[in-house]
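Undergrad: sequence first, predicted model second:
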Amino acid sequence: MGDRWQVQVDRGVCIGSGMCVNHAPEGFALDSARQSHAREAEIDANEPILAAAEGCPVEAIMITLAGSGEAVFPPEE
């Protein structure tokens, strides 16, 4: 893909299902309160991270292009 992404988890929405960690353990971790967070503020674009965002049961994961802030997921309508 070649792009860099900023990944954020809305901790007020996250239910701690762990699906993101299952899809992309290199990109997400659960803390002691079972709330997800991105391991890095900015990452290389990759399919497992996108799959984690798409598979989040409460859509708590937002991905934007680093630099421009353009939405990757969820896509702007």
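TA: Perfect, I can see it now.

Undergrad: alpha carbons only for contacts and neighbour counts from here, please
TA: OK.

Undergrad: run through the strands of this structure in chain order.
TA: In the chain, the segments counted as strands under DSSP state E are 4-9, 28-30, 36-38, 42-44, 61-65, 71-73.

Undergrad: need the CA coordinates for the longest helix anywhere in the chain. CSV is fine.
TA: What stands out as the longest helix in the chain, according to DSSP state H, is helix 47-55. Taking Å, rounded to 0.1, in the frame of the first residue of the first chain, the C-alpha atoms of helix 47-55 are listed here in CSV:
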residue,chain,number,x,y,z
GLU,A,47,-4.3,-5.5,5.6
PRO,A,48,-4.4,-7.0,9.2
ILE,A,49,-4.9,-3.5,10.7
LEU,A,50,-7.7,-2.8,8.2
ALA,A,51,-9.3,-6.2,8.9
ALA,A,52,-9.2,-5.5,12.6
ALA,A,53,-11.0,-2.2,12.1
GLU,A,54,-13.6,-3.7,9.8
GLY,A,55,-14.1,-6.6,12.3
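
Undergrad: out of everything not next to it in sequence, what's closest to E42?
TA: Nearest-residue entry for E42: Q6, 4.6 Å, with adjacent residues in sequence omitted and distances by CA to CA, 6 or more residues apart in numbering.

Undergrad: count the neighbours of that neighbour for me.
TA: Q6 has 21 neighbouring residues, counting by other CA atoms under 10 Å.

Undergrad: beta partners of it?
TA: Each beta-bridge partner of Q6 is listed here: E42, T64, as defined by DSSP bridges.

Undergrad: in contact with E54, which residues?
TA: Contacts for E54 were tallied using CA atoms under 8 Å, 6 or more residues apart in numbering; they are F73, P74.

Undergrad: quick revisit: looking at the strands of the chain, which is closest to G55?
TA: The stretch from these with the least distance to G55 (CA to CA) is strand 61-65; that distance is 9.4 Å.

Undergrad: quick check: buried residues in the longest helix of the chain?
TA: Burial within helix 47-55, assessed by neighbour count using 16 or more other CA atoms under 10 Å, is assigned to P48, I49, L50, A52, A53, E54.

Undergrad: for the record, mean pLDDT for that helix?
TA: In this model, helix 47-55 has a mean pLDDT of 97.
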